[in-house]
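Chemist: Sequence plus predicted model, see below.
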Amino acid sequence: MDDKKILAILTKNEESGSKDFIRQIIEEDIRNKKHNGEVHTRFPPEPNGFLHIGHAKAICLNYGIAVQYGGKFNLRFDDTNPIKEETKYVDAILEDMKWLGTNWEDRLFHASDYFPILFDYAVKLIEKGKAYVDDLSAEEIREYRGTLTQPGKNSPFRDRYIEENLDLFMRMKKGEFAEGEKTLRAKIDMAHPNMNMRDPVMYRIMFKTHHRTGDEWCIYPTYDFTHGESDSIEGITHSLCSLEFENHRPLYNWFLEELEIFHPQQIEFARLNLSYTVMSKRKLIMLVEEGYVNGWDDPRMPTISGLRRRGYTPESIWDFLDRIGMAKSDNLVDYALLEHCIREELNKTANRYMAVLKPLKVIIDNYPEEKTEELEAINNPEDESAGTRKVPFSKELYIEQDDFMEDPPKKFYRLAPGREVRLRYAYFLKCSSVVKDEKGNVVELRCTYDPETKGGSAPDGRKVKATLHWVSAKHALDAEVRLYDKLFVNENPNDASEGRDFRSNINPHSLEILTKSKLEPALTRVKPGERIQFERKGYFCCDTDSTKERPVFNRTVTLKDDWLKIQRAMKKD
RNA sequence: UGGGUCGUCGCCAAGUGGCAAGGCACAGGGUUUUGGUCCCUGCAUUCGGAGGUUCGAAUCCUCCCGACCCAGCCA
């Protein structure tokens, strides 16, 4: 993934669509030579969890704009709360950012880099009489804040002299007070209709080791006092963030104006909600910590690392995020669109192979015992340059259990007793009898083949309705295949019944592990991370759990399946 | 009942006073050695509702209804 590809995706979709409201504003600003017509964006994650596709929406917006308008892009960790942040999250975020194709050049920053400047800013506000040290406890502050409909009341410490505030703040910094004993607050308006303006806390005392500054500080600025100033320090022209910060914009503006520093323009957009999954970091952490999934990069997770392991590509994610657009209305985007994007890409790029996921043994009675033929197969019908490969064929094969029915309904046109089908790239095959176990389960098929149909077409011109994939039994590779499905049964997992939460909507069948799958031998060459198509079954990605002896494949997405639709329709009748 | 936002097809989303783009989903049909891909076709007389202004309104005005965010020393 690089800027050229990003630009290509962005322009491709722009041709048919139109510009979102943020790009319209930015183009207008460029036209008006605001900020000398320059654009500088940023992505400011807190390193307290893994990035998910909702973050990717913000990343692609900010980075995409920088690329499109010849601007710059910063990556800044908003690390103002030492008790939540960890280096392992920093590392994971960096990896995901690179994988998504963003390039911040030498502009990797941390809000913690600005602690000294922020401290000076705080002093400046105290000196201006715009900030004060408050002795109120957390509970008292809450009480004094008032409610949504009632104004708050002033703290008794609100009118301390500037000198006293300065002295107290210095002593806070020196560690003379206990955690929670004092805070620094902005002096704005305790009766303001916007709760954020009711003397928000700027600094709190925390005797905690910070992942970067260690024990240098025992007072830490709040996000509200840090964020706007950090953007200002970096010269961010357009601070793009999600809707919930709309209420904070007046506060950020207040700080910027009182401090008389560069004023970025904040524009808010709606965050992404995806059907059948959750996007809040808190909930994602619960899924990980309570063992509903196997870690942050579980292929069922909407995290970047999960999607990557599932087999999604950065291209497909960019395409998806570009297609959903950018607006301010609450949304719940259909998961099917994400699936469409990865299918569309993999259809063009993934090589095809034959793999029998749930095997059923087939014995061809009229095929010579020891014979093996090498049949030529096309790697990718959508890409001639992908070439061909050889697939071994012999007397004993596996076909998919789903491809045989003893007593088929009318619309089923795969294999059945007495019926003829084509084995892909091989021969026509006719089922002569069925072998069952004591319980009556079909365990083996006895068939015959027509030697005249080599390659898959009959000289006499007769047709078959179906083409099946298959694997030669003695050449087959054993593999584990992990079939993933939606993590939740509800479109919106947060719609839980009374007294229950999103966990009650978890899909108990989101993972099916197949341990007896049979692969064609060419699959030996496939390496972890590689994406392929198992013909007629779906797109799969070789998992990092693979060993030489035992490859593991994750199902990224199924192929579209009309037969499934027909079956559903038949059930209804 | 305070403040800030948002309501256009099942899901996203254009539209900014001149007569409802596009994508996904869905439904038909064609091609096909993947029931895949591809290709056709269909899919909002109507824009949360009601009034009003105008020759003309999704777009302007008024009122009403619904949804979301805010009462962390989280971000």
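Modeler: Noted; the coordinates are in hand.

Chemist: For the rest of this, base every contact and every neighbour count on C-alpha atoms.
Modeler: OK.

Chemist: how many neighbours does A:Gly418 have?
Modeler: 12 (other Cα atoms under 10 Å).

Chemist: just the one 4 residues further on next, same as before
Modeler: Here the number of neighbours of A:Arg422 (other Cα under 10 Å) works out to 26.

Chemist: I'd say it and A:Val464 touch.
Modeler: Yes - if you go by Cα atoms under 8 Å, A:Arg422 and A:Val464 touch, sitting 6.6 Å apart.

Chemist: So for those two, which residues contact both of them?
Modeler: Counting by Cα atoms under 8 Å, 6 or more residues apart in numbering, no residue touches both A:Arg422 and A:Val464.

Chemist: so how far is A:Leu423 from the residue in chain A that RNA strand B sits nearest to?
Modeler: Residue nearest to RNA strand B within chain A (Cα to the nearest atom of the strand): A:Gly456, separated by 2.8 Å. Here A:Gly456 is placed at a distance of 7 Å from A:Leu423 (Cα to Cα, to the nearest Å).

Chemist: What of A:Leu360?
Modeler: When A:Leu360 is compared with A:Leu423 (using Cα to Cα), they lie 14 Å apart.

Chemist: Please apply the same query to A:Glu438.
Modeler: With Cα to Cα as the criterion, A:Glu438 and A:Leu423 are 29 Å apart.

Chemist: Give the residue from these two that has the larger number of neighbours.
Modeler: Using other Cα under 10 Å as the criterion, A:Glu438 and A:Leu423 rank with A:Leu423 on top: 20 against 6.

Chemist: Next, the more buried one: phi, psi?
Modeler: phi -90, psi 120 (degrees, to the nearest 10).

Chemist: what are the bridge partners for it, then?
Modeler: Partner residues in beta bridges with A:Leu423, using DSSP bridges, are A:Leu468.

Chemist: looking at it, it is touching A:Leu429, isn't it?
Modeler: Yes - here A:Leu423 reaches A:Leu429: they are 6.7 Å apart, a contact under Cα under 8 Å.

Chemist: Please work out which residues outside stretch A:154-163 touch it.
Modeler: Counting by Cα under 8 Å, 6+ apart, A:Ile126, A:Glu127, A:Gly129, A:Tyr132, A:Val133, A:Asp134, A:Asp135, A:Leu136, A:Ile141, A:Tyr144, A:Lys187, A:Met190 sit against stretch A:154-163.

Chemist: Can you pull the phi/psi pair for A:Ile117?
Modeler: phi -70, psi -40.

Chemist: Helices of the stretch 51-200 of chain A, residue ranges please.
Modeler: Shown for the stretch 51-200 of chain A, the helices assigned by DSSP state H, counting those that start in this stretch span residues A:53-68, A:87-99, A:115-127, A:138-145, A:162-174.

Chemist: Tell me which stretches of the stretch 401-550 of chain A form strands.
Modeler: A:420-423, A:428-436, A:442-450, A:467-468, A:470-472, A:477-484, A:511-519, A:531-534, A:538-542 (DSSP state E, counting those that start in this stretch).

Chemist: hey, which of the ones you listed is tucked in deepest?
Modeler: The highest mean neighbour count among the strands of the stretch 401-550 of chain A, using mean count of other Cα atoms under 10 Å, belongs to strand A:470-472: a mean of 27.

Chemist: Could you name the helices and strands sitting against it?
Modeler: Using 3 or more Cα pairs under 8 Å, 6 or more residues apart in numbering; DSSP states H and E as the contact test, the elements touching strand A:470-472 are strand A:355-356, strand A:388-393, strand A:396-400.

Chemist: May I see the buried residues of the second one?
Modeler: By 16 or more other Cα atoms under 10 Å, the buried positions in strand A:388-393 come out as A:Thr388, A:Lys390, A:Val391, A:Pro392, A:Phe393.

Chemist: Repeat that for stretch A:329-341.
Modeler: A:Leu338, A:Glu339, A:His340, A:Cys341.

Chemist: and what of stretch A:447-460?
Modeler: For stretch A:447-460, by 16+ other Cα under 10 Å, it's A:Cys447, A:Thr448, A:Tyr449, A:Asp450, A:Thr453, A:Lys454, A:Gly455, A:Gly456, A:Ser457, A:Ala458.

Chemist: Kindly check the end-to-end length of that stretch for me.
Modeler: OK, stretch A:447-460 end separation, Cα to Cα: 20 Å.

Chemist: again, but for stretch A:248-266
Modeler: 10 Å.

Chemist: Spell out which parts of the stretch 451-573 of chain A neighbour RNA strand B.
Modeler: A:454-457, A:466-468, A:534-537, A:559-566 (Cα under 7 Å from any atom of the strand).

Chemist: rewinding a little: between the buried residues of strand A:388-393, which is closest to A:Tyr220?
Modeler: A:Thr388 (61.9 Å; Cα to Cα).

Chemist: count of neighbours near the closest residue to that closest one other than its chain neighbours?
Modeler: Of all residues not flanking A:Thr388 in the chain, A:Ile378 sits nearest, at 4.5 Å (Cα to Cα, 6 or more residues apart in numbering). A:Ile378: 17 surrounding residues under other Cα under 10 Å.

Chemist: before we move on, what about A:Pro409?
Modeler: A:Pro409: 10 neighbours (other Cα under 10 Å).

Chemist: element containing A:Ile22?
Modeler: helix A:21-31 (DSSP states H and E).

Chemist: Quickly check: that helix near RNA strand B or not.
Modeler: Yes - shown here: helix A:21-31 in contact with RNA strand B (Cα under 7 Å from any atom of the strand) through A:Phe21.

Chemist: Report the next helix or strand after that helix in sequence order.
Modeler: Helix A:21-31 is succeeded, C-terminally, by strand A:40-43 (DSSP H and E).

Chemist: Give me the buried positions along that following strand.
Modeler: A:His40, A:Thr41, A:Arg42, A:Phe43.

Chemist: pLDDT averaged over that strand - what is it?
Modeler: Confidence for strand A:40-43, expressed as mean pLDDT, is 98.

Chemist: ok so, going back, can you list the residues that contact the helix holding A:Ile22?
Modeler: A:His35, A:Asn36, A:Gly37, A:Glu38, A:Val39, A:Ile65, A:Ile267, A:Met326, A:Ala327.

Chemist: For the residue nearest to A:Thr388, give me the pLDDT.
Modeler: So, for A:Ile378, pLDDT stands at 97.

Chemist: wait, what's in contact with it?
Modeler: A:Arg352, A:Gly387, A:Thr388, A:Arg389.

Chemist: Run me through the strand neighbours of the strand or helix carrying the first one, direction for each.
Modeler: Using DSSP H and E, the element containing A:Arg352 is strand A:351-353. Applying DSSP bridges, strand A:351-353 is found paired with strand A:531-534 (parallel).

Chemist: Contacts for the partner strand, please.
Modeler: By Cα under 8 Å, 6+ apart, strand A:531-534 touches A:Gly311, A:Leu346, A:Ala350, A:Asn351, A:Arg352, A:Tyr353, A:Met354, A:Ala355, A:Tyr539, A:Phe540, A:Cys541, A:Cys542.

Chemist: Done for today, thanks.
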